[in-house]
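In: Model the following, please.
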Amino acid sequence: MNAIVPLRAAFGLAATLLTASLALEARCEDASPWQRDAHSAVRLLAGSRSGGVLLGGIAIQLQDGWKTYWRTPGDSGVPPRFDFSKSDNVEAVTVLWPAPMKFDDGAGGHSLGYKKQVVLPLRIVAKNNDKPVTLRANISYAVCDKLCIPVEASCELTFASVASTEDGNLSAALDSVPKPANVGDPTPLTIRDVRRDGDRNVVVDVAAPEAKQVSLYVEGPTPDWALPIPKLMEHGPPGVKRFVFELEGLPPGAKVDGAALKLTLVGGEKAYEFNVNLN
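Out: Next comes the predicted model:
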């Protein structure tokens, strides 16, 4: 038995299917295909196209129990590396880093990074606002369980959407990036003081009345500084969480006096980034 569909209904159905197809196509254009290996997957995300500074992202998914690393991996690990040099109409790309978590590295130390999934926001500056922007990324990262496995991936994505379906994901990722702050800011979670204790130790006092768990990470002025993860002292002053780290892991010839350090403070859902100079 053949069903007879009225002509008006047929046109309506065709229009609905066409709209759904176009929406699906637009959704696909806002993210590159997943590049998968045995334990992870990676792809690019494109935000809305407006103006000369665009927001994009690198999305990484990880199997349960596996992890990847922050820009500073901690006591062990491999930081991700990105090459955008083959992109079209791209002047510069800045990778932004959500606050990491700390986990045992299996060798008595701790590493810094991410589990399950993470989106690294990208701030992209176009050379010409009136021309298409195509981002091409060669991505090198490591995924680790008990052993670390290097991963290489290549992704490509053109920024074309006036209103991207990935805007919400990118906005959420951007919110997880530590906010710039200054020592002594009048916020509930802040660094009160940074000072030297002798030649080799640095003491950092943190005010964190609302956060039960607080973590502090430190980076030197250049990537070849391998400063240890600050340790939380058991007995600090009332209302203060006191962290201490040693000035070790410095490159040959490095000068400590006046060195520019970056401190990342994480407590609960808040995270802040402080730039300080050692005195």
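
In: Same question for stretch 142-161: list its buried residues.
Out: For stretch 142-161, the neighbour count (16 or more other Cβ atoms under 10 Å) marks 142, 143, 144, 148, 151, 153, 155, 157, 158, 159, 161 as buried. For the C-beta atoms, the positions are set from N, CA and C on the backbone; glycine is no exception.

In: could I get the residues you listed as TSV with distance to residue 201 and pLDDT?
Out: Converted to TSV, the buried residues of stretch 142-161 look like this (distance: Cβ to Cβ, whole Å; pLDDT from 0 to 100):
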residue	distance to residue 201	pLDDT
142	31	95
143	35	95
144	30	92
148	31	89
151	37	96
153	41	97
155	43	98
157	46	97
158	51	95
159	48	93
161	51	81
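
In: from those, which two are the most distant?
Out: Across the buried residues of stretch 142-161, the longest distance by Cβ to Cβ is 36.3 Å; it joins 148 and 161.

In: Where does the most centrally placed residue in the chain sit: helix, strand or coil?
Out: Nearest to the mean C-alpha position of the chain, by Cα atoms, centre = their mean, lies residue 97 at 2.5 Å. Using DSSP: H, G, I helix; E, B strand; the rest coil, the structure places residue 97 in coil.

In: mind listing what the residue nearest to it when sequence neighbours are not counted touches?
Out: Excluding the flanking residues, the one nearest residue 97 by Cβ to Cβ, 6 or more residues apart in numbering is residue 71, at 5.3 Å. Counting by Cβ atoms under 8 Å, 6 or more residues apart in numbering, residue 71 touches 79, 80, 95, 97, 219.

In: hmm, back to that, tell me the contacts of the residue nearest to the centre of the chain?
Out: With contacts defined as Cβ under 8 Å, 6+ apart, the neighbours of residue 97 are 70, 71, 120, 177, 178.

In: In strands only, show me these.
Out: Secondary structure from DSSP state E places 70, 71, 120 of the contacts of residue 97 in strands.

In: out of the residues you listed, who's nearest residue 48?
Out: The closest of the ones in strands among the contacts of residue 97 to residue 48 turns out to be residue 120 (Cβ to Cβ; 18.3 Å).

In: So residue 99 is in contact with residue 178, correct?
Out: Yes - contact criterion Cβ atoms under 8 Å: residue 99 and residue 178 qualify, at 5.4 Å.

In: Mind listing the shared neighbours of these two?
Out: By Cβ under 8 Å, 6+ apart, residue 99 and residue 178 have these common neighbours: 264, 266, 271.

In: tell me the secondary structure for residue 122?
Out: Strictly by three-state DSSP, residue 122 counts as strand.

In: And residue 173, by the same measure?
Out: Classification of residue 173 by three-state DSSP places it in helix.

In: right, and it touches residue 120 too?
Out: Yes - with contact defined as Cβ under 8 Å, residue 173 reaches residue 120; the gap is 7.3 Å.

In: got any residues that touch both of these two?
Out: Shared contacts of residue 173 and residue 120 (Cβ under 8 Å, 6+ apart): 57, 98.

In: Let me see the ranges of the helices in this structure.
Out: Applying DSSP state H to the chain gives helices spanning 7-29, 167-175.

In: comparing the ones you listed, which gets the lowest mean pLDDT score?
Out: Across the helices of the chain, helix 7-29 has the smallest mean pLDDT, namely a mean of 41.

In: coming back round to it: dump the shared contacts of residue 99 and residue 178 to JSON lines, plus neighbour count.
Out: Shown next, in JSON lines, are those (neighbours: other Cβ atoms under 10 Å):
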{"residue": "264", "neighbour count": "21"}
{"residue": "266", "neighbour count": "21"}
{"residue": "271", "neighbour count": "20"}
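
In: Specify which member of those residues is nearest to residue 238.
Out: Closest to residue 238, out of all of those and judged by Cβ to Cβ, is residue 266, at 22.2 Å.

In: tell me the pLDDT at the residue nearest to residue 97?
Out: For residue 71, the model assigns a pLDDT of 96.

In: ok, it to residue 58 distance?
Out: From residue 71 across to residue 58, the span is 12 Å (Cβ to Cβ, to the nearest Å).

In: joint contacts of those two?
Out: Counting by Cβ under 8 Å, 6+ apart, the contacts common to residue 71 and residue 58 are residue 95.

In: domain parsing for the chain?
Out: 30-177, 180-277 (automatic domain parsing).

In: most packed of these?
Out: Mean neighbours per residue, mean count of other Cβ atoms under 10 Å, is largest over the domains of the chain for domain 30-177, with a mean of 17.
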